[in-house]
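1. sequence unknown, structure follows:
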């Protein structure tokens, strides 16, 4: 027996489709629910299809405007992409509607930490803790914000509270170990460099002994350098300071003094750094090196971008002189492992570097190309070991180049 499907033009399209499906033995697929849309949007977001995920979330919110988890997902996607203002707007909407919403508050705290607003993150955590006392996720993030401000002893207390509230919070345990090391405010460092040339010069070497202390307003470093070059040995005294101005803004200040001919008699430096939205840091400043017969002023600036565990950085230098202006620059990428003290850095550049450890008038005026690799990491709860290798080609005449290889090693004691 054959089943025939007959439909007349008098029926509406919906009835036609429904009747056809029923008569022909086919089921009409149920429309996707809001929960299914949200689950699909999450999968898209974690698969890297974030634009599609946001579009699907927007469609779901039209059907269910108070579905907070969907709005939180939109806010987190914006934060992952560095669109902090858009993400902040979505997450603040959730908290205005429901101040005690834990996931919404945690997401907003994460956004403020990523956008380098630790004080705002602390305020959000404290407001949440007033509603949910001893909440471990909020305590953990408050400790992270305190760490970002350099308040290591306070952060250590808060992290221990988070672990006490949730002994299974492994991230809090790791943070406690890191903070126990960082709470040591002083450090003594010994560094050495060895430079070898393929022509013209005998090998150079320099050792540096420095003592630094971190105050609430920033860090202060005193350093003595001893170098041997051109058959002569000399010393230089330096002072570095990193005062903080406000959240996301700090200064670098430097002064150096020497009576030896192999060092600048005076050196000065100043630079201001500021953290912008989307994990971008920029700076502008200058260095001045005063030799017996000349003074070199270098104008410098940098632009950096944090991307996950990586920091990408560009630096440009402008050195005016009586015979014209010299431009130089460098590009680097740094990979962090675990915390801010374990990292590997690769750098390439050309021309003058405003902070090279062995400046002299001749070297600063040469055209050069350079590549370097540097690494440092914890070898003990109180000790950090560092090492570096650099190779540079310097043009010393028409078609004549000199190669310079530099080895560096350092040991730092925290206390």
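-> That came through, no problem. Keep in mind that this is a model prediction, so the values were computed, not measured.
2. mind listing what residue 66 touches?
-> Shown in contact with residue 66 (CB atoms under 8 Å, 6 or more residues apart in numbering): residue 97. Every residue, glycine included, has its C-beta placed from N, CA and C.
3. Three-state assignment for it, please.
-> Per DSSP: H, G, I helix; E, B strand; the rest coil, the local secondary structure of residue 66 is coil.
4. Against residue 107, how distant is it?
-> Distance of residue 66 to residue 107, computed by CB to CB, to the nearest Å: 17 Å.
5. Ok, residue 202 next?
-> Counting by CB to CB, the gap from residue 202 to residue 107 is 60 Å.
6. try residue 179
-> According to CB to CB, residue 179 stands 24 Å off from residue 107.
7. So the two - more neighbours on which side?
-> Taking other CB atoms under 10 Å, residue 179 and residue 107 do not tie; residue 179 has more neighbours (24 against 21).
8. so where does the residue nearest to the spatial centre of the chain fall, helix or strand?
-> Central residue of the chain (CA atoms, centre = their mean): residue 306, 4.1 Å from the mean position. Assigned by DSSP states H and E, residue 306 belongs to strand 295-307.
9. try residue 318
-> For residue 318, the element it lies in under DSSP H and E is strand 310-321.
10. tell me which residues in that strand are buried?
-> Buried positions in strand 310-321, judged by neighbour count with 16 or more other CB atoms under 10 Å: 311, 313, 315, 317, 318, 319.
11. And for stretch 135-152?
-> Residues of stretch 135-152 classed as buried: 135-152 (neighbour count, 16+ other CB under 10 Å).
12. Equivalent analysis for stretch 228-237, please.
-> Going by 16+ other CB under 10 Å, stretch 228-237 has these buried residues: 229, 234, 236.
13. For the stretch 301-415 of the chain, which segments count as helices?
-> Here the stretch 301-415 of the chain has its helices, by DSSP state H, counting those that start in this stretch, at 361-364.
14. sorry, that was for the stretch 101-250 of the chain
-> Taking DSSP H, counting those that start in this stretch to define them, one finds helices in the stretch 101-250 of the chain at 102-114, 118-131, 136-148, 152-165, 170-182.
15. Now residue 398. Its backbone dihedrals?
-> For residue 398, the backbone dihedrals are phi -60, psi 110 (criterion: degrees, to the nearest 10).
16. count of neighbours near it?
-> Number of residues near residue 398 (other CB under 10 Å) recorded here: 5.
17. quick one: low-confidence parts of this structure?
-> Low-confidence segments of the chain (pLDDT under 70): 1-30, 322-324, 338-339, 357-365.
18. can I see the domain layout of it?
-> Domain assignment for the chain, taken from automatic domain parsing, gives 1-28, 34-182, 186-414.
19. Of those, which stretch is the most buried?
-> domain 34-182 (a mean of 18; mean count of other CB atoms under 10 Å).
20. What's the end-to-end length of that domain?
-> For domain 34-182, the first and last residues are 46 Å from each other (CA to CA, to the nearest Å).
21. these two touch, right, residue 341 and residue 381?
-> No - the criterion here is CB atoms under 8 Å, and residue 341 misses it with residue 381 at 11.6 Å.
22. joint contacts of these two?
-> Residues touching both residue 341 and residue 381 (CB under 8 Å, 6+ apart) are residue 181.
23. which one of the buried residues of stretch 228-237 sits closest to residue 115?
-> The closest of the buried residues of stretch 228-237 to residue 115 turns out to be residue 236 (CB to CB; 39.6 Å).
24. excluding its backbone neighbours, what's nearest that closest one?
-> Once flanking residues are discounted, residue 236 sits nearest to residue 258: 3.9 Å by CB to CB, 6 or more residues apart in numbering.
25. how much space between that neighbour and residue 149?
-> 36 Å.
26. Equivalent analysis for residue 191, please.
-> Between residue 191 and residue 149 the computed distance is 28 Å (CB to CB).
27. same check, this time on residue 99
-> Relative to residue 149, and taking CB to CB, residue 99 is found at 24 Å.
28. Repeat that for residue 264.
-> Relative to residue 149, residue 264 is positioned 35 Å away (CB to CB).
29. One more: residue 106?
-> For residue 106 relative to residue 149 (CB to CB), the value is 19 Å.
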